[in-house]
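Novice: just to be clear, the model below is a prediction. Sequence and coordinates:
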Amino acid sequence: MISFRSRLFVASAVIFGLVSVEALAEDGVFKDKIIFGQVAALEGPAKALGLGMRQGILAAFAEANRAGGIAGRQLELKSVDDSYEPEKMIEAMKKMLSEDKVFAIVGPVGTPTANAGQPIATNAKVPFIGPFTGAEFLRNPYKRYVVNIRSSYFQETEAWIEHLTKDLGITKIAILYQDDTFGLAGLDGVKIAMAKRNMSLVASGTFKRNTTAVKSALLEILKANPEAVVTVGPYKPIAEFIKLARQAKMDAVFVAISFVGSDALAQEMGDSGAGVIVSQVVPFPGDKSVPVVASYQAALAALAPDAKPGFVSLEGYLVGRLVIEALKRIPGEPTREALLDAITNTGTFDLGGIKLIYGPAKNQGMDQVFFTILQADGSFKSVTRLNK
């Protein structure tokens, strides 16, 4: 609480020109712009994820800026690489908040990195918006300074087991997961979903983050002769595993989590990716019948005419759109607390065919899980059920 004497001093300083009015605003807020920060993998084997999220957010911001910005303020994004490593995330977050003084963090990528960076943002009371992860610790218990867009990993893994068992009649399921908080979040979700059905995994295998060292995991999983292998990891190691498994004549259904980065996975798989199932937490990026997808495609084309619509950049666009819509609902000058209040108090944001729903104890906007199947030509087909 600022004392009366302090307020009087500040007011006097402004009147006599000792302090600029701009300097009194919330960090990242200026007379003509609002600066947001992103810490994500922009280099290394997971860079397609950070770059995709960045591109989507930039498309949304540029769209708003062309329309005059928010009350005359342009939206800017400062992105810094963490190479999908928690230590780099910590360093970058501290710099973002203490030196760059951004208004909020948007579009960070990954569970282990979010686990490292989110507490720093929360301790500073800085909004941490749209992390590209479905980790449960960002949802439960409720965290005011975290705003999620996507469904949780528990919801994705429940959908996996539901469809594998009901649609395909599969009972022998193995898992490949990254050996860190991300992989363990997926593993926990699968175990919970299987326990509900009185089932258990027939095998499991792990690999280290930022590597493609999956051969030991493959040998372990091969022994169990599974009917399906569910995978929790980014595109490079997952693609390597599936290619090696198919070379080893493993006759199984392969399922990947949304974080995999679908378009990058398709590129890594080449002509050997047909039939791989990927769960998604955003609509199909080529479906213009969904109004927000049509808006996304137009915004992306305006930002980067050669860019191909994709699941990751669409998620980034949805993050950007939520920020924009929340800013529009702030009465008076934008502050971090006012931004969070706008999201909570508005409750439902209809972006056009997709609704994000928030509340006093709900910081996750979407609860939907979509299914896609990789085709032989590298494209994805959207499906509502899995076919034998």
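Specialist: In hand now; what should we look at?
Novice: tell me what the residue positioned nearest the centre of the chain is bridged to.
Specialist: Centroid-nearest residue in the chain: F132, 1.6 Å away (criterion: C-alpha atoms, centre = their mean). F132 forms beta bridges with V109, as assigned by DSSP bridges.
Novice: is it true that it touches V312?
Specialist: Yes - using C-beta atoms under 8 Å as the test, F132 is close enough to V312 to be in contact (7.4 Å). Every residue, glycine included, has its C-beta placed from N, CA and C.
Novice: for T206, give me its contacts.
Specialist: By C-beta atoms under 8 Å, 6 or more residues apart in numbering, T206 lies in contact with L176, Y177, Q178, D179, G183, A217.
Novice: cutoff 10 Å now
Specialist: 175-180, 183-184, 187, 213-214, 216-217, 220, 232-233 (C-beta atoms under 10 Å, 6 or more residues apart in numbering).
Novice: hey, what's in contact with both of F132 and V312?
Specialist: Counting by C-beta under 10 Å, 6+ apart, the common neighbours of F132 and V312 are L49, G50, G52, M53, G107, V109, S258, F259, G261.
Novice: buried subset of these, written for PyMOL?
Specialist: The following PyMOL line selects those of these that are buried, judged by 16 or more other C-beta atoms under 10 Å:
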select buried, resi 49+50+52+53+107+109+258+259+261
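Novice: CA atoms of stretch 39-46 as PDB?
Specialist: The C-alpha trace of stretch 39-46 is given here as PDB (Å, rounded to 0.1, in the frame of the first residue of the first chain):
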ATOM      1  CA  VAL A  39      10.500 -17.400 -23.400                       C
ATOM      2  CA  ALA A  40      10.500 -20.500 -25.600                       C
ATOM      3  CA  ALA A  41      12.600 -22.900 -27.700                       C
ATOM      4  CA  LEU A  42      13.700 -20.900 -30.700                       C
ATOM      5  CA  GLU A  43      16.800 -23.000 -31.200                       C
ATOM      6  CA  GLY A  44      17.600 -26.700 -30.800                       C
ATOM      7  CA  PRO A  45      15.600 -29.800 -31.600                       C
ATOM      8  CA  ALA A  46      12.300 -28.400 -30.300                       C
END
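Novice: ok, and for it, which residues are buried?
Specialist: By neighbour count on 16+ other C-beta under 10 Å, the buried set for stretch 39-46 is V39, A40, A41, L42, G44, P45, A46.
Novice: what's the answer for stretch 125-138, then?
Specialist: When burial is assessed from 16+ other C-beta under 10 Å, stretch 125-138 yields the following buried residues: V126, P127, F128, I129, G130, P131, F132, T133, G134, A135, L138.
Novice: and if you look at stretch 309-328?
Specialist: Going by neighbour count (16+ other C-beta under 10 Å), the buried part of stretch 309-328 is 309-327.
Novice: centre of the chain to that stretch, how far?
Specialist: 11 Å (C-alpha atoms, centre = their mean, to the nearest Å).
Novice: touching, the residue nearest to the centre of the chain and L51? I think so.
Specialist: No - under the criterion of C-beta atoms under 10 Å, F132 is not in contact with L51, lying 11.4 Å apart.
Novice: list the contacts for Y145?
Specialist: Applying C-beta under 10 Å, 6+ apart to Y145 gives the contacts 104-105, 118-119, 121-129, 336-337, 340, 363.
Novice: good, we can wrap up now.
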